[in-house]
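Undergrad: sharing a model prediction with you, sequence too.
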Amino acid sequence: MASLNTLVITETFKIDGVLTDLDAEPTLTAEDSDYSGVIRDDDEVVVVADTALTKIATGTYQTTFTESPNNYTYTYWIKWVYDSDTYYDEHSLIGSGAALTTTSRFKSYIGETSTTYDTLIDALVDRATSALEAYCGHSFGEDTYRHRFDGDGTTSLFLPEFPVTQVTLLSTALQDVIRIKNTSSDAWNAYVEVVESASDPSVSSTMNLVIQGGDDDGSDPLTLSSYTLTTLVTAINALVKGWTATLNHSDWGVWDAPELLPCSGLHCLNSYAYVQTPYESEIDFAIIGQRNPPYNGNVGELRLPIGFANGKQNVIVRYTAGYPTIPDDLEQICLDLVKVYFKSRNTDSTVKSEKLGDHSIAYSEEGGGGARDIPAHIAKRLAPYKRWSEII
């Protein structure tokens with residue numbers, strides 16, 4: 001999968017405009033502990049609560065973390081202590097994603113040698129990449145995915161990401177592999193959930209076994225990468241606390257536990273909950289189009305001669321898609337869009353012409369470089385990369 005980006009949180013503290021040291025290093029702490037740490041926009045905690053930022057200069061503190069995966073937005077609270085008083089404030093951070101170009105390449109392109117605008121250009125490169133991906137309807141950087149679909153009986157399926165370079169799993173059915181029950185006599189609820197990996201969404205990372213109420217109230221998380229299905233069953237039974245688990249078929253025991261499909265809130269107090277994996281993979285399928293540069297005709301279509309069996313979320317595909325190396329013309333398009341954004345930083349680029357007498361303004365139809373506003377002269381060059389709605 002594509003390399004994940006490192007994000008940097010930098011916070012400064014000033015008194016009367018002067019950078020000033022705090023009583024102690026600030027921490028990723030909220031007044032409500034549920035919001036402490038760094039939280040991804042799907043509510044996944046990616047940096048643990050109360051992590052301290054490191055002082056890098058007077059009044060300046062910093063920490064870093066790896067995106068999980070790229071292209072998410074993150075929210076965090078900072079707890080400051082100064083002169084024995086405590087303050088909390090909320091921040092957000094947009095993931096950098098797999099940018100199509102770099103600040104240094106853009107500066108070389110426009111002949112800029114100073115570092116004055118480096119921070120701005122960093123942001124514009126990310127915004128341009130996001131705008132181009134939104135316009136084209138898919139991500140450009142190479143990554144690995146596990147997606148689920150409703151089977152409709154047809155022989156063709158369009159994946160949301162392309163070009164597709166590899167499919168490692170195509171299953172059209174599910175199987176109940178482990179049944180789990182909790183018998184705590186003083187609990188009012190018990191459930192099991194399987195959580196998708198934050199760093200690699202093509203697999204699952206954690207099973208949480210949760211008891212609500214009674215002496216055993218609480219959650220027991222199991223890291224799936226440590227287990228096969230056989231050893232996972234053993235680990236669940238070893239928890240005691242009323243937990244029992246059974247492998248439904250011994251042949252499945254050698255499967256890696258991260259193959260379990262994500263699920264949430266499967267009730268299992270005095271009744272069985274069943275966790276699932278995909279059924280065995282189909283082998284007689286085809287990726288349509290070239291799987292190597294220039295990827296002609298590769299728009300994410302899979303064909304399965306026997307058809308994708310009718311069902312609800314019964315089709316599971318694990319695949320690799322995107323460009324291992326960004327095509328030169330796509331990088332050039334990004335450079336040109338960043339240039340549009342950069343030039344419009346102090347002007348309204350939607351203004352095409354302006355008259356002084358009787359003061360009239362004519363606006364361009366191309367827009368002014370908003371987050372998803374692609375000028376026409378750039379949009380027409382994106383045709384080879386766009387997900388056309390009539391295809392899907």
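TA: Good, I have the coordinates. Keep in mind it's a predicted model, so treat the numbers as computed, not measured.
Undergrad: residues contacting Glu11?
TA: 26, 53, 60-62, 78, 91 (CB atoms under 8 Å, 6 or more residues apart in numbering). C-betas here are computed from N, CA, C, even on glycine.
Undergrad: and Thr12, by the same measure?
TA: By CB under 8 Å, 6+ apart, the contact list for Thr12 reads 19, 59-61.
Undergrad: if it is in a bridge, with which residues?
TA: Thr60 (DSSP bridges).
Undergrad: ok, it to Tyr35 distance?
TA: Counting by CB to CB, to the nearest Å, the separation of Thr12 from Tyr35 is 22 Å.
Undergrad: if we can go back for a sec, let's see if you can find the most crowded of the contacts of Thr12.
TA: Tyr61 (22 neighbours; other CB atoms under 10 Å).
Undergrad: isn't it right up against Leu53?
TA: Yes - counting by CB atoms under 8 Å, Tyr61 sits close enough to Leu53 to count as a contact (3.8 Å).
Undergrad: and for the two, which residues touch both?
TA: The contact sets of Tyr61 and Leu53 overlap at 11, 25-26 (CB under 8 Å, 6+ apart).
Undergrad: coming back round to it: need the contacts of Thr12 in CSV with pLDDT and distance to Thr144, can you?
TA: Converted to CSV, the contacts of Thr12 look like this (pLDDT from 0 to 100; distance: CB to CB, whole Å):
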residue, pLDDT, distance to Thr144
Leu19, 78, 43
Gly59, 84, 42
Thr60, 83, 37
Tyr61, 89, 35
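Undergrad: make a markdown table out of those and add distance to Val46.
TA: Listed next are these as a markdown table, based on distance: CB to CB, whole Å:
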| residue | distance to Val46 |
| --- | --- |
| Leu19 | 28 |
| Gly59 | 26 |
| Thr60 | 23 |
| Tyr61 | 19 |
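Undergrad: what's the closest of those to Ile39?
TA: Tyr61 (19.2 Å; CB to CB).
Undergrad: how long is stretch 230-247 end to end?
TA: With CA to CA, to the nearest Å as the measure, the first residue of stretch 230-247 is 7 Å from its last.
Undergrad: again with stretch 48-60
TA: This stretch, stretch 48-60, spans 21 Å end to end (CA to CA).
Undergrad: do stretch 158-170 as well
TA: Stretch 158-170 has an end-to-end distance of 13 Å (CA to CA).
Undergrad: in that stretch, what's buried?
TA: By neighbour count on 16 or more other CB atoms under 10 Å, the buried set for stretch 158-170 is 159, 161-165, 167, 170.
Undergrad: quick one: the helices in this protein?
TA: In the chain, helices defined by DSSP state H lie at 103-110, 118-136, 229-238, 328-343, 376-379, listed in chain order.
Undergrad: what's the closest of the buried residues of stretch 158-170 to Tyr274?
TA: If you rank the buried residues of stretch 158-170 by distance to Tyr274 using CB to CB, Leu170 comes first, at 22.5 Å.
Undergrad: which residue packs closest to that closest one, ignoring adjacent ones?
TA: Spatially, and ignoring its direct neighbours in sequence, Leu170 is nearest to Glu282 (4.8 Å; CB to CB, 6 or more residues apart in numbering).
Undergrad: model confidence for that neighbour, exactly?
TA: pLDDT for Glu282: 94.
Undergrad: and the contacts of Glu11, which two are the farthest apart?
TA: Pairwise distances across the contacts of Glu11 peak at 14.9 Å for Thr60 and His91 (criterion: CB to CB).
Undergrad: sketch out the low-pLDDT regions of the stretch 251-392 of the chain for me.
TA: Scanning the stretch 251-392 of the chain for pLDDT under 70 picks out 347-372, 389-392.
Undergrad: which residues in it form strands?
TA: Taking DSSP state E, counting those that start in this stretch as the criterion, the stretch 251-392 of the chain carries its strands at 263-267, 273-278, 286-287, 301-303, 311-321, 351-355, 360-363.
Undergrad: switch those over to a markdown table; also include mean neighbour count and distance to Phe342.
TA: Converted to a markdown table, the strands of the stretch 251-392 of the chain look like this (neighbours: other CB atoms under 10 Å; distance: least, CB to CB, whole Å):
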| stretch | mean neighbour count | distance to Phe342 |
| --- | --- | --- |
| strand 263-267 | 14 | 44 |
| strand 273-278 | 21 | 47 |
| strand 286-287 | 16 | 39 |
| strand 301-303 | 18 | 37 |
| strand 311-321 | 19 | 30 |
| strand 351-355 | 11 | 17 |
| strand 360-363 | 11 | 20 |
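Undergrad: among those strands, which comes closest to Ala238?
TA: Across the strands of the stretch 251-392 of the chain, Ala238 has its closest neighbour in strand 273-278 (17.3 Å, CB to CB).
Undergrad: give the other helices and strands that the closest one contacts.
TA: strand 174-182, strand 189-196, strand 263-267 (3 or more CB pairs under 8 Å, 6 or more residues apart in numbering; DSSP states H and E).
Undergrad: next, the angle strand 273-278 makes with the longest one.
TA: Compare the direction of strand 174-182 with that of strand 273-278 by axes from the mean of the first three to the mean of the last three CA atoms, to 10 degrees and you get 150 degrees.
Undergrad: can you list the buried residues in strand 174-182?
TA: Neighbour count says strand 174-182 has 174, 177-182 buried, by 16+ other CB under 10 Å.
Undergrad: make CSV out of those and add distance to Ser199.
TA: What follows is these, written out as CSV (distance: CB to CB, whole Å):
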residue, distance to Ser199
Leu174, 25
Val177, 24
Ile178, 24
Arg179, 29
Ile180, 26
Lys181, 31
Asn182, 29
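Undergrad: can you pull out the strands in the stretch 1-150 of the chain?
TA: For the stretch 1-150 of the chain, strands defined by DSSP E, counting those that start in this stretch occupy the ranges 6-12, 14-15, 18-19, 38-40, 45-47, 54-57, 60-66, 73-82, 85-94, 143-151.
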